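K.L.:
pasting a predicted model and its sequence here:
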Protein chains: 2
Amino acid sequence: MAEKKYVYSFKEATAAKLGKDILGGKGAGLAEMTKAGINIPPGFTVTTEACTLYYDSGKAIPDFVWDDIVAHIHQVEKDVNKEFGGKNPLLVSVRSGARQSMPGMMDTILNLGLNDETVKNIAIASGNERFAYDSFRRFILMYTNIAKGHPRTEMDKMLDQIKEENGYKLDTEVTTEQLKGLVAKYKEYYKNVFGEEFPTDPYVQLKEAVAAVFRSWDNPRANVYRQMNGIPYEWGTAVNVQTMVFGNMGEDCGTGVAFSRNPSTGEKKIYAEFLPNAQGEDVVAGVRTPLHIEELEARMPDVYKQFMETITSMEQYFRDMQDMEYTIEHGKLYFLQTRNGKRTARAALKIACDLVDEGLIDEKEACMRVEPKQLNDLLHPTFDAADLKKHTPIVTGLPASPGAGTGYIVFTAEEAKEKHDKGIKVILCRTETSPEDIIGMVNAEAIITSRGGMTSHAAVVARAMGRCCTAGCGGAHIDEEKRTVTINGKVYTDKDILSVNGNTGDVYEGSIKMIDADLGGDFGRMMDWADKYRRLKIRANCNTPLDADNAHKFGAEGIGLCRTERMFFAEDRILNMRSMILSDTLEQRVAALERIRPYQVDDFYKMYMSSPKDLVCIRLLDPPLHEFLPTIYETEKIAEIAEKLGVTVEKVKEKIISVEQANPMMGFRGVRLCVAYPEIYRMQASAIIQAALKASKDLGKDVEPEIMIPLCGELKEFKWAKDTVVKAVEEEMAKQGKKLKYHVGTMIEIPRACLQAGNIAKEAEFFSFGTNDLTQLTMGFSRDDSGQFLPNYYERKIYEFDPFQTVDQAGVGELVKIAVERGRATRPDITVGVCGETGGDPASIMFYDRVGLDYVSCSPFRVPLARLAAAQAAIAREREAAKK
Amino acid sequence: MAEKKYVYSFKEATAAKLGKDILGGKGAGLAEMTKAGINIPPGFTVTTEACTLYYDSGKAIPDFVWDDIVAHIHQVEKDVNKEFGGKNPLLVSVRSGARQSMPGMMDTILNLGLNDETVKNIAIASGNERFAYDSFRRFILMYTNIAKGHPRTEMDKMLDQIKEENGYKLDTEVTTEQLKGLVAKYKEYYKNVFGEEFPTDPYVQLKEAVAAVFRSWDNPRANVYRQMNGIPYEWGTAVNVQTMVFGNMGEDCGTGVAFSRNPSTGEKKIYAEFLPNAQGEDVVAGVRTPLHIEELEARMPDVYKQFMETITSMEQYFRDMQDMEYTIEHGKLYFLQTRNGKRTARAALKIACDLVDEGLIDEKEACMRVEPKQLNDLLHPTFDAADLKKHTPIVTGLPASPGAGTGYIVFTAEEAKEKHDKGIKVILCRTETSPEDIIGMVNAEAIITSRGGMTSHAAVVARAMGRCCTAGCGGAHIDEEKRTVTINGKVYTDKDILSVNGNTGDVYEGSIKMIDADLGGDFGRMMDWADKYRRLKIRANCNTPLDADNAHKFGAEGIGLCRTERMFFAEDRILNMRSMILSDTLEQRVAALERIRPYQVDDFYKMYMSSPKDLVCIRLLDPPLHEFLPTIYETEKIAEIAEKLGVTVEKVKEKIISVEQANPMMGFRGVRLCVAYPEIYRMQASAIIQAALKASKDLGKDVEPEIMIPLCGELKEFKWAKDTVVKAVEEEMAKQGKKLKYHVGTMIEIPRACLQAGNIAKEAEFFSFGTNDLTQLTMGFSRDDSGQFLPNYYERKIYEFDPFQTVDQAGVGELVKIAVERGRATRPDITVGVCGETGGDPASIMFYDRVGLDYVSCSPFRVPLARLAAAQAAIAREREAAKK
């Protein structure tokens, strides 16, 4: 093991071309800067592999790694002609640096190497005793807090006490003598807490600090950040040990950060700050306000010139916008790190497009430069920033669905529709929403609920239709009976206007100016490039013509999933559905279904008319029947249903009990409904064809229906349902004397279906993976219940991602692969897509591209994201192939 | 296609050696008899493949098959020197004959070839006009009823009317003239119903009859029989067309059936009946009572001698007990069919053992001769047949669990235990049982419930513990408050004795004499042979020491599954469990768990003491926590719990809601409990070791615990739980200063676990397939809900077996195979078994043997079945290998 190298000087690293995986982002940047001839303080990188080794060794740095670190310290001593713990003392910084930037999530220790002796030497060397003791004080504080993991509260109090006793406002007012006293107090405190002296040996300090940075990879905020950003725990962090340079040694010193372009707007202009006579920490801590970079030009014009040239050259070198840290020590400019800068969605697009125009990158590289998830920020109307500044939120809920909206308060779906029809904009306020509120949600600018989380009905439906929504807004007491919203004691009624920011969850009083989403310009160019390079087709999951409009606006190439049952919950329709369920005989059931038919024909007709160019895949009835009935305890609703349908309450109750499911997800639903009651699919299939024939006539071109049978697990089962569908379709076409081309396929959402895909493909013309159900069944936990235990799984690092958002490649993914292979072996031209939640997730899209799916289908508002992610997948695949 | 042969004369079939798969059982028997030189009426077999072809051709006999049938009729005409529809008319029977006997399930048509002309010729040829017209009448009736599928009611009425008008009691009293009139009436009726004349052309009759037999493969009673006996729909039936011989042409004629040994007892003595001057139909219909076979000896001693010799030779020839049909026509003996006779379990054992002793078969063949499922009949005490005859059932419920029991009525679990402890035998009577009744069920001779089906709690638990039970006995009104059982208006109390037959569901007044199960004798010999030839080990699923006693009595070689939670439901224990669930802090939870620990230690200790020689695999807590709490609507129970635990009702309600599961099967359970609350498994693991150490001491030998973690789907998850367990185990052993060898493994019950088996095996020392959950997840339907739709699946022939009883090889089976392969690839010596329901199913055991499992574990009462099924699997495998 000892033969492998775990420590590289920046120069060695440059030569070894190790890249971010081994060196971390910061280490790789330092290596690259060295290569580009930028002036950086000497130092070395302890690799990410050393981090893994540290954890594997039971949280200990193996001796051979430590020996190499010591050797590298000696090399640095030679390079800078200083001594670690000596007369002309070498001080170092110890910083984390993961593969992917995790700003502020992990730990950094500065000024390492100070002790009672070296502090004096620093004082002499720098000619600034106050600086030396302030640095020592800071070091003891950081070491205690970070390397030893002890809270800084008491030590902060000691400083505050001095300031208080002396009436100081700023840290800088504290005198050198007072700082010396503080250093003594800190050391005493350290001894009390740990029962040992503060370590004077710089090597002891260093070993502890390196270990602390490794440990910080596992701290709670790092774990949360990783989960949110999909960074695997296995990666680990590298550690960079670098000679300290000081920006706080006088007026010819300073520090700051610089972006090579504007990170908010993307404008091509260096965006930098300068803080004279200060250390980087002061900038980050916000203790002092930095000056505009022109101040540097005024004070040190030569340094300024070098600064600007270096930044420009670094951007040219890295061919991307750079985020750099710099320090000026006695008029000498050092860059401490550079990295590709974080940027807003808008800036990301502009920079990528500009870099193409500047000839620095090509279109494919431009596609790789934008994080697909960022695009979401650009698809919704937003508040005008200037006007927004004039308002303060009155209450904040969960940011359940992005966008912004302003309008009058309404309390019911009917009211929302009524006012909307009159041209009045409204905000729907409900304690929580139910399927019956959908019509209200469609007609509202925004939705506020006082209960429910990010996956509540309101949140899920709002996201799907792109409506702005703040959910679980507990501070807003919504009384639907009294028709009031009470916030902080103030009562709002339907005469009041509210504004909602779905990106933040904030609610404002009164109206705020809005800006529409701009899908042209840089956004349009990027989408064109994505379309040019992607292989996967992108469809959308749409349940209503409104969804379909959005989907086409965002560039969807078809509808991958239209759930027929979503159309069943409106009040006038659900009664017929209930009447169907309560039927005793086939005749009664058929009669009730015939009453539903006109609605279905109308719904489907509108879907076809709204997607004149594309395929529309309609899924036949899927949910268990009990979803259309109240629960046995809702006695009022039961009484109402009994009355409306002219049956006894007992009968309704009996039916409710008889359709109850112990595990609804695995219950009497999907194709099973067809096996028991083929008349349901018969009506639906016939309604689809009726609608398609009508639409074909009105469009002047033939519609080509795709009919999807959900939840199949066996060829004979699919065949039974397909035969039912085909018979109904053929009969309807014969009746109308006109033939249409149509396709019958199935959702693949049961593990058995994946294994039996070779058989099922004998009859099925297409497969569409339903990854929600497939994930539930493959992993054995339901989405509704897993919230009770998955947080523990994330905490223990058993699972790191939500498998309902990002496909679980090791389990679900293998079944998907098996199904694709077996399906294609039987029917080489079978169309295979995915229509579950993961169809709109970039990492999953990457996987689906690789396993050779034909398309992914996602919610309309994810279509742009999916287009870009598909392009990135194809480009990445191409690059890998080129490498081999 | 036409080149393939679908019709074989019995002689051709003999030469072609086609076997039952193609010829059906009856056809193969006829071919064999031909080979053995037995006198059988000439004819031919239309193969099972023709049946498949018939269905594939849209229920039509293809022309080339029909042409061959006609050709074979011509051959028969030559052989017997008669003409089909001619002067010396050939009449034939048309009978079904599947691969496996399905007695009475399919159709038979006799006397085919009769019409107005041939009937006269038959009258002349037989010299018996009455016989000729009676045959014709019967033929019209059968043809109308069977070939044309029309109910026989009206035609039966016509005969009844004649008998009534003339005061006849027997059919034989009807005169020739009256029969002629009846023939005319029947034909008229036929014309009215079908709008066409009754067919006179024998070939038209034949074609229709062959098709009718094919169709009868798909009739409802055949479908039900196949389901019950696991016969695949694909097999189809053959059709046998055979020259009619007549046993009803005078006093030198007769018919009957014969068994070469006694089918009830297995006694080696020909068991036959004789009905002079009769046709087989009369025997079957029970119109006339057959005579003892000695009657034949008396009447026709030569025929008798030939009869006895043939039967004996046929048994020698087939090396098994034969069930034969014979007819004597004018003193000439014909055998119409022979087949291996159906027999009782006891007879099956005796015959197999005797045949070995007689040198006709070897031990392996003997093992193949007994249907494993039959053994169940022999494991339970039964009523003394003679005494039983003196009693009449007073009410009948569902035969929920086999066996017999007699005792005083009790109404509660406590009462049952109290009386049982005093040596009083009791019958537990409950409207339905709950987990809290288990102690009562243990102490009762039998259980009667007035509600619930074959899968109700009472039924499932009773079967598992081998207690006799009749469930859903609606005719018994059980009033637990008033402490009465009312049956047919008569009121029974705890002063009354009832007797229960669990094999039939019958309940009797008073006590009936009992006979214990005999596990020695032939049973013992067969089990010894099975043990000698099987490869699979057989373990048992046992939750209590009583179960373990039964398991060892029946020959189990270890305990494959001990469910710890089954021990938690007793009243004193469940309160501590509830207290644990209601805990707010780790400390409270640990305290509650410590109160449960002594029970667990005691339980486990008893399990170890009851299985001194074998491995005991204990599964850690599996069910979701809500199972230990009442539902939110059980306000009384909630109040009781709140009071007992000293918390508010609100708090109990809150907890109930918080542990509620949308899909309990896929919810917060199994290893997930450990990931969230490791203290639970920590206590259980430590209790297991405490118990094992104590038992080791008392037994004077080291117990080797197997600890099983349920519901894992991922290596890291298993590792987390294993680490928790190992730490607790090591701590306990360190505390007691004694080391034991122990094993930690997992249940494989999630599809992802099968795919990840290679990884999981890095840490798991054994796998045990939980086929119940694995089937639910792989097929996507829960056992609790599938009852709502699986009957439709059976009806449509989408699934033919209950996958929870017999493993679904195409889906679940493939995952099992994958898991075994991957697990063994990582850890070649990993122990792999199955502990789900299918572990006790013969067809599944065959599969598990083939995929290389080490053992199956089933309920104690299935152990003998499993031992025999495992032997059959091994022998079948060996024979196949020898063939290749």
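P.N.:
Okay, I see it. Numbers count the residues shown, from 1 in each chain, chains lettered A, B, ... in the order given.

K.L.:
any idea how far chain B is from residue A:176?
P.N.:
50 Å (C-beta to the nearest C-beta, to the nearest Å). C-beta coordinates here come from the backbone N, C-alpha and C atoms, glycine included.

K.L.:
which SSE is the closest residue to that residue other than its chain neighbours in?
P.N.:
Leaving aside its chain neighbours, residue A:176 sits nearest to residue A:130 (4.2 Å; criterion: C-beta to C-beta, 6 or more residues apart in numbering or on different chains). Per DSSP states H and E, residue A:130 falls inside helix A:129-142.

K.L.:
could you do residue A:18 as well?
P.N.:
Counting by DSSP H and E, residue A:18 is part of no helix or strand.

K.L.:
residue contacts, the closest residue to chain B within the stretch 151-300 of chain A?
P.N.:
Going by C-beta to the nearest C-beta, chain B is nearest to residue A:233 of the stretch 151-300 of chain A, at 9.9 Å. Neighbouring residues of residue A:233 by C-beta atoms under 8 Å, 6 or more residues apart in numbering or on different chains: A:223, A:226, A:797, A:800.

K.L.:
contacts only, for residue A:73.
P.N.:
Contacts of residue A:73 by C-beta under 8 Å, 6+ apart are A:84, A:90, A:92, A:203, A:206, A:241.

K.L.:
buried subset of these, written for PyMOL?
P.N.:
PyMOL command restricting the contacts of residue A:73 to the buried ones, with burial defined by 16 or more other C-beta atoms under 10 Å in any protein chain shown:
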select buried, chain A and resi 84+90+92+206+241
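
K.L.:
in the stretch 401-550 of chain A, what spans have low per-residue confidence?
P.N.:
In the predicted model, the stretch 401-550 of chain A carries pLDDT under 70 at residues A:455.

K.L.:
residue boundaries of the helices in it?
P.N.:
A:413-421, A:438-442, A:457-465, A:521-533, A:545-553 (DSSP state H, counting those that start in this stretch).

K.L.:
burial count for the closest residue in space to residue A:317 that isn't next to it in sequence?
P.N.:
Sequence neighbours aside, residue A:36 is the residue nearest to residue A:317 in space, at 4.9 Å (criterion: C-beta to C-beta, 6+ apart). Residues near residue A:36, counting by other C-beta atoms under 10 Å in any protein chain shown, number 17.

K.L.:
which one's the longest helix in chain A?
P.N.:
Scanning chain A for the longest helix, with DSSP state H as the assignment, gives helix A:586-610.

K.L.:
hmm, back to that, and the contacts of residue A:73 as CSV, adding secondary structure?
P.N.:
Formatted as CSV, these follow (DSSP: H, G, I helix; E, B strand; the rest coil):
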residue, secondary structure
A:84, coil
A:90, coil
A:92, strand
A:203, helix
A:206, helix
A:241, strand
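
K.L.:
how far does stretch A:638-657 sit from its chain's centre?
P.N.:
46 Å (C-alpha atoms, centre = their mean, to the nearest Å).

K.L.:
can I get that stretch in PDB, CA atoms only?
P.N.:
Taking Å, rounded to 0.1, in the frame of the first residue of the first chain, the C-alpha atoms of stretch A:638-657 are listed here in PDB:
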ATOM      1  CA  ILE A 638     -71.700   8.600   2.400                       C
ATOM      2  CA  ALA A 639     -75.200   9.900   3.200                       C
ATOM      3  CA  GLU A 640     -74.800  12.400   0.300                       C
ATOM      4  CA  ILE A 641     -73.700   9.800  -2.100                       C
ATOM      5  CA  ALA A 642     -76.500   7.400  -1.100                       C
ATOM      6  CA  GLU A 643     -79.100  10.100  -1.600                       C
ATOM      7  CA  LYS A 644     -77.700  11.300  -5.000                       C
ATOM      8  CA  LEU A 645     -77.500   7.800  -6.300                       C
ATOM      9  CA  GLY A 646     -80.800   6.600  -4.700                       C
ATOM     10  CA  VAL A 647     -79.300   3.700  -2.800                       C
ATOM     11  CA  THR A 648     -79.200   2.900   0.900                       C
ATOM     12  CA  VAL A 649     -76.400   4.200   3.100                       C
ATOM     13  CA  GLU A 650     -75.800   0.500   4.100                       C
ATOM     14  CA  LYS A 651     -75.200  -0.300   0.400                       C
ATOM     15  CA  VAL A 652     -72.600   2.500   0.000                       C
ATOM     16  CA  LYS A 653     -70.900   1.300   3.200                       C
ATOM     17  CA  GLU A 654     -70.800  -2.300   2.100                       C
ATOM     18  CA  LYS A 655     -69.200  -1.300  -1.200                       C
ATOM     19  CA  ILE A 656     -66.700   0.900   0.500                       C
ATOM     20  CA  ILE A 657     -65.700  -2.000   2.700                       C
END
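
K.L.:
that stretch: which residues count as buried?
P.N.:
So, applying 16+ other C-beta under 10 Å, buried residues of stretch A:638-657: A:638, A:641-642, A:645, A:647, A:652, A:655-656.

K.L.:
cool, stretch A:73-90 as well?
P.N.:
A:73, A:76-77, A:82-85, A:89-90.

K.L.:
residue contacts, residue A:447?
P.N.:
By C-beta under 8 Å, 6+ apart, the neighbours of residue A:447 are A:401, A:427-430, A:433, A:441, A:458, A:462, A:467-471, A:500.

K.L.:
now with 6 Å?
P.N.:
A:428, A:441, A:458, A:462, A:469 (C-beta atoms under 6 Å, 6 or more residues apart in numbering or on different chains).

K.L.:
again with residue A:121
P.N.:
Residue A:121 neighbours (C-beta under 6 Å, 6+ apart): A:87, A:89.

K.L.:
in a strand, it, correct?
P.N.:
No. Using three-state DSSP, the assignment for residue A:121 is helix, not a strand.

K.L.:
quick check: it vs residue A:250, distance?
P.N.:
With distances defined as C-beta to C-beta, to the nearest Å, the gap from residue A:121 to residue A:250 amounts to 18 Å.

K.L.:
hmm, who's touching stretch A:457-464?
P.N.:
Residues contacting stretch A:457-464 (C-beta under 6 Å, 6+ apart): A:400-401, A:433, A:447, A:449, A:452, A:469, A:471, A:859.

K.L.:
all the helices of the stretch 51-200 of chain A, in order from the start?
P.N.:
A:63-80, A:116-126, A:129-142, A:153-166, A:176-194.

K.L.:
would you list those helices in a markdown table and tack on distance to residue A:667 and mean pLDDT?
P.N.:
Converted to a markdown table, the helices of the stretch 51-200 of chain A look like this (distance: least, C-beta to C-beta, whole Å; pLDDT from 0 to 100):
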| stretch | distance to residue A:667 | mean pLDDT |
| --- | --- | --- |
| helix A:63-80 | 56 | 95 |
| helix A:116-126 | 72 | 89 |
| helix A:129-142 | 58 | 91 |
| helix A:153-166 | 55 | 91 |
| helix A:176-194 | 59 | 95 |
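
K.L.:
what's the most buried one of those helices?
P.N.:
helix A:129-142 (a mean of 22; mean count of other C-beta atoms under 10 Å in any protein chain shown).

K.L.:
let me know the angle separating it from helix A:153-166.
P.N.:
150 degrees (axes from the mean of the first three to the mean of the last three C-alpha atoms, to 10 degrees).

K.L.:
helix A:129-142 versus helix A:176-194: what angle between them?
P.N.:
20 degrees.

K.L.:
and helix A:129-142, C-alpha only, in PDB?
P.N.:
Only the C-alpha atoms of helix A:129-142 are listed here, as PDB (Å, rounded to 0.1, in the frame of the first residue of the first chain):
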ATOM      1  CA  GLU A 129       3.500  42.700  16.600                       C
ATOM      2  CA  ARG A 130      -0.300  43.300  16.800                       C
ATOM      3  CA  PHE A 131      -0.800  41.400  13.600                       C
ATOM      4  CA  ALA A 132       1.300  38.500  15.000                       C
ATOM      5  CA  TYR A 133      -0.700  38.100  18.200                       C
ATOM      6  CA  ASP A 134      -4.000  38.600  16.400                       C
ATOM      7  CA  SER A 135      -3.100  35.800  14.000                       C
ATOM      8  CA  PHE A 136      -2.100  33.600  17.000                       C
ATOM      9  CA  ARG A 137      -5.300  34.400  18.800                       C
ATOM     10  CA  ARG A 138      -7.300  33.500  15.600                       C
ATOM     11  CA  PHE A 139      -5.300  30.300  15.200                       C
ATOM     12  CA  ILE A 140      -5.900  29.100  18.700                       C
ATOM     13  CA  LEU A 141      -9.600  29.800  18.200                       C
ATOM     14  CA  MET A 142      -9.800  27.900  14.900                       C
END
